[in-house]
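Participant: Okay, structure incoming, though there's no sequence with it:
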C-alpha cells in the first residue's frame, strides 16, 4: 500500500510535529543521578580495584615463595639421587672404594642409628592412651591454629 518513501515522509513529519516539550519529557523519564551517587560509585570502584591489585600482589608473593620452595626441593631431590646413583656406581665398579667411603661415614651413620633408637625408646614410654599424649596433641593443634590465624592476610575493615 504505502511505498518506502511514503513511510519515510510520514515519520519525518511526525518528528517535526512533536514539540520540544514532549521530547524533554521523554528524555526526562530517566531519574537524575546525583553527583553524590556518582562519587560513591567511583569510590567503590577504586576500592575494588585496590583490593584486586592487593590480591594480585599477594598472589605474586605466594608464587615466588612456592617457586623458591620448589627449587630447593628439586635441588635436594637431585642431590639425593646423584648420591644414591654414585653409591650404586661405586658398588658396581669399585667395591673397595665404596667400602672405604662407608667406613669413613661409619661414625655419622652410627650416630643416626643411636638417635633413632633413643627416640623409639622415648616414645615407647608414652602409652597410646596416656593423657600426656592427648595434651601434647591438643597443644600442637592449638599452636597450628594460632600460626594459621597469625599468618593470614589482614582484611580491610
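Facilitator: Nice, thanks for sending it over. Just so you know, these numbers come straight off a predicted model, no measurement behind them.

Participant: Any idea which helix or strand in the chain has the lowest mean pLDDT?
Facilitator: Least confident helix or strand of the chain, by mean pLDDT, DSSP states H and E, is helix 20-27 with a mean of 49.

Participant: Do you know the pLDDT at residue 79?
Facilitator: The confidence metric pLDDT takes the value 93 at residue 79.

Participant: what about residue 101, neighbour count?
Facilitator: If you count neighbours by other Cβ atoms under 10 Å, residue 101 ends up with 14. (Each C-beta comes from the backbone N, C-alpha and C, glycine too.)

Participant: Next secondary structure element downstream of the host helix or strand of it?
Facilitator: Per DSSP states H and E, residue 101 falls inside helix 95-104. Toward the C-terminus, helix 95-104 is succeeded by helix 106-124 as the next helix or strand (DSSP H and E).

Participant: angle of that next one against helix 95-104?
Facilitator: 50 degrees (axes from the mean of the first three to the mean of the last three Cα atoms, to 10 degrees).

Participant: And the helices in the chain, which stretches?
Facilitator: 4-17, 20-27, 35-93, 95-104, 106-124, 131-151 (DSSP state H).

Participant: ok so, going back, who touches the helix holding residue 101?
Facilitator: Residues outside helix 95-104 that contact it (Cβ atoms under 8 Å, 6 or more residues apart in numbering): 87, 90, 91, 109.

Participant: switch to 7 Å and redo it
Facilitator: By Cβ atoms under 7 Å, 6 or more residues apart in numbering, the residues outside helix 95-104 that reach it are 87, 90, 91.

Participant: List the contacts of the second one.
Facilitator: Residues counted as contacts of residue 90 (Cβ under 7 Å, 6+ apart) are 97, 98, 101.

Participant: Against residue 80, how distant is the second one?
Facilitator: Pointing back at residue 98 there. 17 Å (Cβ to Cβ, to the nearest Å).

Participant: Between these two, which has more neighbouring residues?
Facilitator: residue 98 (17 against 10).

Participant: measure that one to residue 82 for me?
Facilitator: Distance from residue 98 to residue 82, by Cβ to Cβ: 15 Å.

Participant: any weak-confidence spans in this structure?
Facilitator: Residues of the chain meeting the criterion pLDDT under 70: 1-31, 126, 128-129, 154-157.
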